[in-house]
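Novice: generate a structure from the sequence data that follows.
(4 chains)
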There are 2 protein chains.
Amino acid sequence: MVLEHKRQRMTHQRSVILEEVRRCHDHPKADEIYERVRDRLPRISMGTVYRNLDVLASSGLIRKIGPDFPQMRFDGNTHDHYHVTCIGCGRIDDVELEPQDDPALQLESALGKLTKYGVFGHKLEFLGLCAECKKQKGHLFREFQVTELFEEGRNNGIKGK
Amino acid sequence: MVLEHKRQRMTHQRSVILEEVRRCHDHPKADEIYERVRDRLPRISMGTVYRNLDVLASSGLIRKIGPDFPQMRFDGNTHDHYHVTCIGCGRIDDVELEPQDDPALQLESALGKLTKYGVFGHKLEFLGLCAECKKQKGHLFREFQVTELFEEGRNNGIKGK
DNA sequence: CGTATTATTGATAATAATTCCTAATAAGGA
DNA sequence: TCCTTATTAGGAATTATTATCAATAATACG
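Specialist: This next block holds a predicted model:
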């Protein structure tokens, strides 16, 4: 087992949490995992769930899929531009690239030269409305679609700040 | 002013907050904006800052740059794959795409057909270590670089789940 | 210009998500 | 089996944010 070499123990709680995270394919939040695990271990505590999710994630047995930092951030620059986030301190800088550059493919290496960051990955996240929300509250997001996100047809090039 | 038609008022506090968000180019958090604004308006309260940041963002005068949802999520599937997030409810689904598809350029329209989401944007976020963190604690992230993120050279195609 | 209306404020309480603390427990090596 | 010590349950503490509400002040209107 991956945990052994760090003198970590595979407790019953830990293995049940691992099983449940693997079983449910809906990218659960900590409290949802807690609910599921509690069906099998009624005396388990929330702290145990959080602790083990961290242990399992840093062992590579499960993944954390964000957010990387909990605090909301704001930007007075409302023009379309990309950001680079430091996983060490959460600092965010603007990415200054010419429009002709290909967004996803050439950027990782280019970024290492353009910024002082050590860049070793990117996250490409698509935003939209699921089928239910589209029906129920699609009208609420009309302004969001144009002001908060990159407009359609404007993603081929990246604008600097 | 953009606020008028909604019968919103441009108060002194609101305009100072807007000025300060525009002035500082470091993507500040709410508490950092609070500190800055308090230099000019010592009696302002945190609640006023939060309230106005929301008002200004929904008026399009500033941007919120994440996180879109505050709760951490977990994934038992540790293979590389992308996600699609619903901005209505926060639900996250896997994106199932063939490796030959180009990540950034063709995906937005393709996603609309592959999922039941209404996709109207994407977020491309680069992850790395800023110059300071690289020096101070780069060694702490060696495992993170390979296990938590997409490995170098494996980003040209997208893996389904 | 004065006044009425009501959006907004400051102060504080409440909430949500997560982390920390500690004595008791139990995993796993000897 | 016993010993060491990582881990647990339970609860308190912390962090970030939202809600409440009486007092204040921005703006429309006469």
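Novice: the closest residue to residue A:92 other than its chain neighbours: how many residues sit nearby?
Specialist: Residue nearest to residue A:92 in three dimensions, not counting chain neighbours: residue B:27, with 4.2 Å by Cβ to Cβ, 6 or more residues apart in numbering or on different chains. Heads up, the C-betas are built off the backbone N, CA and C, glycines and all. Residues within reach of residue B:27, counting by other Cβ atoms under 10 Å in any protein chain shown, total 22.
Novice: and for residue A:48?
Specialist: Using other Cβ under 10 Å: residue A:48 sits among 17 other residues.
Novice: what does residue A:63 give?
Specialist: Residue A:63 has 21 nearby residues by other Cβ under 10 Å.
Novice: beta-bridge partners for it, please?
Specialist: Beta-bridge pairing for residue A:63 (DSSP bridges): residue B:75.
Novice: quick check: it touching residue B:79?
Specialist: No - counting by Cβ atoms under 8 Å, residue A:63 does not reach residue B:79; the two are 9.2 Å apart.
Novice: ok, residue A:43 to residue A:15 distance?
Specialist: 16 Å (Cβ to Cβ, to the nearest Å).
Novice: more neighbours: these two, which one.
Specialist: residue A:15 (13 against 7).
Novice: name the helix or strand for that one, please.
Specialist: helix A:12-23 (DSSP states H and E).
Novice: list the buried residues in the next helix or strand along the chain from that helix.
Specialist: Note on helix A:12-23: by DSSP H and E, the next helix or strand toward the C-terminus is helix A:30-40. Under the neighbour-count criterion of 16 or more other Cβ atoms under 10 Å in any protein chain shown, helix A:30-40 has A:32-34, A:36-38 buried.
Novice: helix A:30-40 close to DNA strand D?
Specialist: No - Helix A:30-40 lies out of reach of DNA strand D by Cβ under 7 Å from any atom of the strand, never closer than 9.1 Å.
Novice: how about residues contacting that helix?
Specialist: For helix A:30-40, the external contacting residues (Cβ atoms under 8 Å, 6 or more residues apart in numbering or on different chains) are A:13, A:16-17, A:20-21, A:24, A:28, A:44, A:46, A:49-50, A:53, B:71-72, B:74.
Novice: is any part of it close to DNA strand C?
Specialist: Yes - legend: contact between helix A:30-40 and DNA strand C by Cβ under 7 Å from any atom of the strand is shown at A:30-31.
Novice: what mean pLDDT does that helix get?
Specialist: The average pLDDT for helix A:30-40 rounds to 96.
Novice: contacts for the next helix or strand after that helix, please.
Specialist: Next helix or strand after helix A:30-40 toward the C-terminus (DSSP H and E): helix A:46-58. Outside helix A:46-58, the residues that touch it by Cβ under 8 Å, 6+ apart are A:3, A:8, A:13-14, A:17-18, A:21, A:30-31, A:33-34, A:37, A:62-64, B:72, B:74, B:143, B:148.
Novice: swap the cut-off to 10 Å and go again
Specialist: Residues from elsewhere that reach helix A:46-58 (Cβ atoms under 10 Å, 6 or more residues apart in numbering or on different chains): A:2-3, A:6, A:8, A:11, A:13-18, A:20-22, A:28, A:30-31, A:33-38, A:41, A:44-45, A:61-65, B:72, B:74-76, B:78, B:143-144, B:147-148.
Novice: where does pLDDT dip in chain A?
Specialist: Along chain A, segments meeting pLDDT under 70 span A:1-6, A:87, A:96-128, A:131-161.
Novice: all set now, cheers.
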